[in-house]
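Participant: this one's structure only:
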């Protein structure tokens, strides 16, 4: 795992030397029920020091509840949370060395930006000058040291987000929790903040746990993504692993788009074959003839050729049914007769724009086909 | 703006405007005119002179009544705030069931539907010599015979008025506490601050506008009250409204009564102006 410690951090932000404890967070069998509703269902998860972990899933999948239990805002029904080797399951949030960036930022409206950032330190009795110094340092990390005296309601959404971030890191928590921190920002700003968050993570060497329902956000920033559904972990791994080898049809559909089809593996003239909407493709490795499974391929993995002529083995033939222009690429809906698939055509210059009704062939190699496990009933 | 729209707007606006004009401006104008008139035994005659105002500010008896009224209004507001704040806090942050919360809220607000006179009168039966308080103290043996110290004094008035006006304190405090985002308290805890300090540093400062609003209402309502002094007040319990009432009644000195009423109106308006300024300071916070 990546563990970057920047030399550029000034004296106030030197990482405390510690005996190497690999797992900064260890969650064991954690469960949270609200009445009869199970929010988090027997989850076990470890997070390494300095790791950027994203909990990804649709609303109601339990990701926020899990994060809030780590923060101490929800009492687990069952299970344990270890922070840096210590059991903090029943420790109140005010006594945990983790800090949270709230979805609505939760800035104190009656305090200035600087007072917001220094709030915890000031109440804890740190001398005024030292509080100011630390708050300024934290604000400098997010580029807002010149708004020290501004009132929160005078700031833009992006700036408030940064203040919330500065406030959460000013005490150098062992883990920084981020609860959908970018969801209130518009698209451009969100992309920019993704880059900045990632840079801040690298610069500070802190452990980040982020909750989001936005797969792009998860793919861009995380070292590791934990996909959740119905209070359970469906799959976890690096962004590349999850994108290239999604375990289930749910993950394949949630992260990126996938053309999915069910087929029985048959023995063909050149080896095992699968049927994609009535047309034959070479079967990927790992399945044996006679086996029935769910298969899928990503829209951008198919090699698009115009005309009927293109071909050879492992080719699907159809016609363009719909065209969605994305700028850098065009997404085509291809009618295969017995079904439809999506493919992406990069707009790299030479090729003209296809028309609805054009004949088209798609080459999908066996290495591009993913085998998806059947969904565990969630 | 075309004619039809203008007519429509005029039709919509005219009833309230007419109402305000007839029942606000006209009476005040009459009061103002009266306040310059002169008393001439046995009644009064039209004049234009400031004698009534001079009398109010030079005759110590009127000044004393105004001061006493201000004092009582202050203690009633303070007492109401001290009782209402914990209650509203309890309702908003401790009562989890919405139904129970509504019920407890209505328990405070519902008495507003009962006649004011009746509510004030209740305290007469509680505090009187044959009242509940006396019989309780006697049954527990603290008193051997009924005491009359509870009724007919300023304390009895303050207690009665606190009870009568407390809904006006609970409502704004409840509203402002309910509006404080829960995440602010969580953020405070997250930053290492315990419950008491979170209250002192976050909840209390953010709820001050509600306390100010409640204080203003209770203060102004008490300031103009004349029933409590009448029912449970003693000889030293006269308030400004009682004096005004008597000028229009037994004393038959309408000019002085009008002048007193206008002075009282000015005091109330300045209190409202100051508190309004204060509330505006807090605006935009939850934006």
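Facilitator: It's in. Quick caveat: nothing in here was measured; it's all calculated off a predicted structure.

Participant: for chain B, what are the low-confidence residue spans?
Facilitator: Counting by pLDDT under 70, the ranges of chain B that qualify are B:1, B:281-287.

Participant: At the contact with chain B, which residues of the stretch 251-378 of chain A appear?
Facilitator: Taking C-beta under 8 Å from any C-beta of the partner chain as the measure of proximity, the stretch 251-378 of chain A makes no contact with chain B. Yep, even glycine has a C-beta here, placed from its N, CA and C like the rest.

Participant: what ranges do the strands span in the stretch 251-378 of chain A?
Facilitator: All strands of the stretch 251-378 of chain A, identified by DSSP state E, counting those that start in this stretch, fall at A:259-264, A:266-268, A:271-276, A:279-282, A:292-297, A:303-306, A:315-325, A:329-335, A:340-346, A:359-363, A:370-372.

Participant: what do you get for the stretch 1-150 of chain A?
Facilitator: With DSSP E, counting those that start in this stretch as the criterion, the stretch 1-150 of chain A has strands spanning A:23-34, A:37-48, A:52-56, A:78-83, A:86-87, A:98-101.

Participant: got those as a markdown table, with distance to residue B:79, mean neighbour count and mean pLDDT columns?
Facilitator: Shown next, in a markdown table, are these (distance: least, C-beta to C-beta, whole Å; neighbours: other C-beta atoms under 10 Å in any protein chain shown; pLDDT from 0 to 100):
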| stretch | distance to residue B:79 | mean neighbour count | mean pLDDT |
| --- | --- | --- | --- |
| strand A:23-34 | 41 | 18 | 93 |
| strand A:37-48 | 45 | 18 | 93 |
| strand A:52-56 | 51 | 26 | 96 |
| strand A:78-83 | 47 | 18 | 94 |
| strand A:86-87 | 48 | 12 | 92 |
| strand A:98-101 | 40 | 28 | 95 |
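
Participant: right, and the ones you listed - which one's nearest chain B?
Facilitator: Distance to chain B, taken as C-beta to the nearest C-beta, is lowest for strand A:98-101 among those, at 5.0 Å.

Participant: what's next to the closest one, contact-wise?
Facilitator: Strand A:98-101 is touched from outside by A:67, A:70-73, A:83, A:161, A:164-165, A:167-169, A:171, A:173-179, A:181, B:186-187, B:190-191, with contacts defined as C-beta atoms under 8 Å, 6 or more residues apart in numbering or on different chains.

Participant: rerun at 7 Å
Facilitator: Contacts made with strand A:98-101 from outside it, assessed by C-beta atoms under 7 Å, 6 or more residues apart in numbering or on different chains, are listed as A:70-71, A:83, A:164-165, A:168-169, A:171, A:173-179, A:181, B:190.

Participant: Stretch B:96-113 now?
Facilitator: By C-beta under 7 Å, 6+ apart, the list of residues contacting stretch B:96-113 from outside reads B:91, B:95, B:119, B:166, B:167, B:170, B:171, B:174.

Participant: ok, the first one touching residue B:174?
Facilitator: Spelled out, that is residue B:91. Yes. With contact defined as C-beta atoms under 7 Å, residue B:91 reaches residue B:174; the gap is 6.2 Å.

Participant: Which single helix of the chain contains the most residues?
Facilitator: Going with chain A. In chain A, with assignment by DSSP state H, the single longest helix is helix A:187-204.

Participant: ah, I was thinking of chain B
Facilitator: If you go by DSSP H, chain B has its longest helix at helix B:60-89.

Participant: list the buried ones in that one?
Facilitator: Neighbour counts over helix B:60-89 (16 or more other C-beta atoms under 10 Å in any protein chain shown) mark B:62, B:65-66, B:68-70, B:72-77, B:79-81, B:83-85, B:87-89 as buried.

Participant: For the contacts of stretch B:96-113, please prepare CSV with the additional fields secondary structure.
Facilitator: Below are the contacts of stretch B:96-113 laid out as CSV (DSSP: H, G, I helix; E, B strand; the rest coil):
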residue, secondary structure
B:91, helix
B:95, coil
B:119, helix
B:166, helix
B:167, helix
B:170, helix
B:171, helix
B:174, helix
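
Participant: what residues does chain B put near chain A?
Facilitator: Proximity of chain B to chain A, by C-beta under 7 Å from any C-beta of the partner chain, involves residues B:181, B:183-184, B:186-187, B:189-194, B:197, B:201-202, B:205-206, B:284-287.

Participant: picking up where we left off before, following the longest helix of chain A, which helix or strand comes up?
Facilitator: Sequence order places strand A:207-212 as the next helix or strand after helix A:187-204, per DSSP states H and E.

Participant: quick one: that following strand near chain B?
Facilitator: No. Between strand A:207-212 and chain B, judged by C-beta under 7 Å from any C-beta, nothing touches; the nearest distance is 13.8 Å.

Participant: angle of that strand against strand A:37-48?
Facilitator: For the pair strand A:207-212 and strand A:37-48, the angle between their directions (axes from the mean of the first three to the mean of the last three C-alpha atoms, to 10 degrees) equals 150 degrees.

Participant: Partner strands of strand A:207-212, with direction?
Facilitator: Using DSSP bridges, the strands paired with strand A:207-212 are strand A:52-56 (parallel), strand A:175-179 (parallel).

Participant: what ranges do the helices span in the stretch 101-250 of chain B?
Facilitator: Secondary structure of the stretch 101-250 of chain B, counting by DSSP state H, counting those that start in this stretch: helices at B:116-127, B:132-139, B:154-179, B:182-190, B:195-198, B:204-223, B:227-231, B:240-248.
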